[in-house]
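K.L.:
pasted the sequence and its predicted model underneath.
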Amino acid sequence: MPLPRKLLNEDEELLAEMRPHWLYFSGPLAAAVAAWAVVLLILIGLKPPGWTNYPLLLIGIVPSAWLLGRLVRWRAYTLPLTSTRILVRQGVLGRDTVQLRLQRITEINIAQTLVERMLAPGRLVIDVQGEDDSLILEFVQKPAVLQRVINSQINELIGGGSREP
């Protein structure tokens, strides 16, 4: 769901709005595919007695439910970047919104594994002025590009430069 216009200030513009990378689904998808492959292999190959069908189907349904839950959470998670702040909106039944003014950001770090470097997602670790804990954003698409955009927007706000397109 896109960011509602009512959440933006009058002098604020939406620069980017992202969802988690598709790698967010990799764990549940692999578990669901493996579980259904095992279930089908047992049901078709071994031909077990009829009373075992329901427990075997349950083995396939549990990871599928995990995948469905992950899909619902993916749909309910957005990361909008505006000209003055970063918002992290998440929640299925309830809504949790974290707003971080760009002026409060002191440092942005990127963490990526080898697989993440090949597929482009990563983690942004954002240090905030006056806070002990960092804001960690997982499964960010193209974190280096987002880091560059945030830094250029901070430079524009502080007055030390101009924003990149």
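P.N.:
Great, that's in hand.
K.L.:
rest of the way, CA atoms for contacts and neighbours
P.N.:
Will do.
K.L.:
leaving out sequence neighbours, find the closest residue to the residue positioned nearest the centre of the chain.
P.N.:
The centre of the chain sits closest to residue 20, judged by C-alpha atoms, centre = their mean, with a distance of 2.8 Å. Leaving aside its chain neighbours, residue 20 sits nearest to residue 139 (5.1 Å; criterion: C-alpha to C-alpha, 6 or more residues apart in numbering).
K.L.:
which element is the one you found on?
P.N.:
In this structure, residue 139 sits in strand 135-141 according to DSSP states H and E.
K.L.:
quick one: the helices in this structure?
P.N.:
Taking DSSP state H as the test, the helices found in the chain are 26-40, 53-75, 114-119, 143-158.
K.L.:
how long is stretch 108-118 end to end?
P.N.:
Terminal residues of stretch 108-118 lie 21 Å apart, using C-alpha to C-alpha, to the nearest Å.
K.L.:
could you give the mean pLDDT of it?
P.N.:
The pLDDT scores in stretch 108-118 average 92.
K.L.:
tell me the buried residues in that stretch?
P.N.:
Buried residues in stretch 108-118, counted by 16 or more other C-alpha atoms under 10 Å: 108, 112, 116.
K.L.:
hmm, the last one is touching residue 122, no?
P.N.:
Yes: using C-alpha atoms under 8 Å, residue 116 makes contact with residue 122 at a distance of 6.0 Å.
K.L.:
phi, psi for residue 49 please.
P.N.:
Note on residue 49: backbone dihedrals following degrees, to the nearest 10 are phi -60, psi 160.
K.L.:
what's around it, how many residues?
P.N.:
8 (other C-alpha atoms under 10 Å).
K.L.:
any idea how far it lies from residue 36?
P.N.:
Between residue 49 and residue 36 the distance is 18 Å, computed by C-alpha to C-alpha.
K.L.:
one more: residue 142?
P.N.:
Look at residue 142 and residue 36: by C-alpha to C-alpha, they are 32 Å apart.
K.L.:
the two: who's more crowded?
P.N.:
residue 36 (19 against 16).
K.L.:
tally of neighbours for the closest residue to that one other than its chain neighbours?
P.N.:
Nearest non-adjacent residue to residue 36, counting by C-alpha to C-alpha, 6+ apart: residue 60, 5.0 Å away. Residue 60 is flanked by 20 other residues according to other C-alpha under 10 Å.
K.L.:
with residue 126 instead?
P.N.:
By the measure other C-alpha under 10 Å, the count of residues near residue 126 is 20.
K.L.:
got the contact list for it?
P.N.:
Contacts here follow C-alpha atoms under 8 Å, 6 or more residues apart in numbering; on that basis residue 126 touches 105-109, 134-136.
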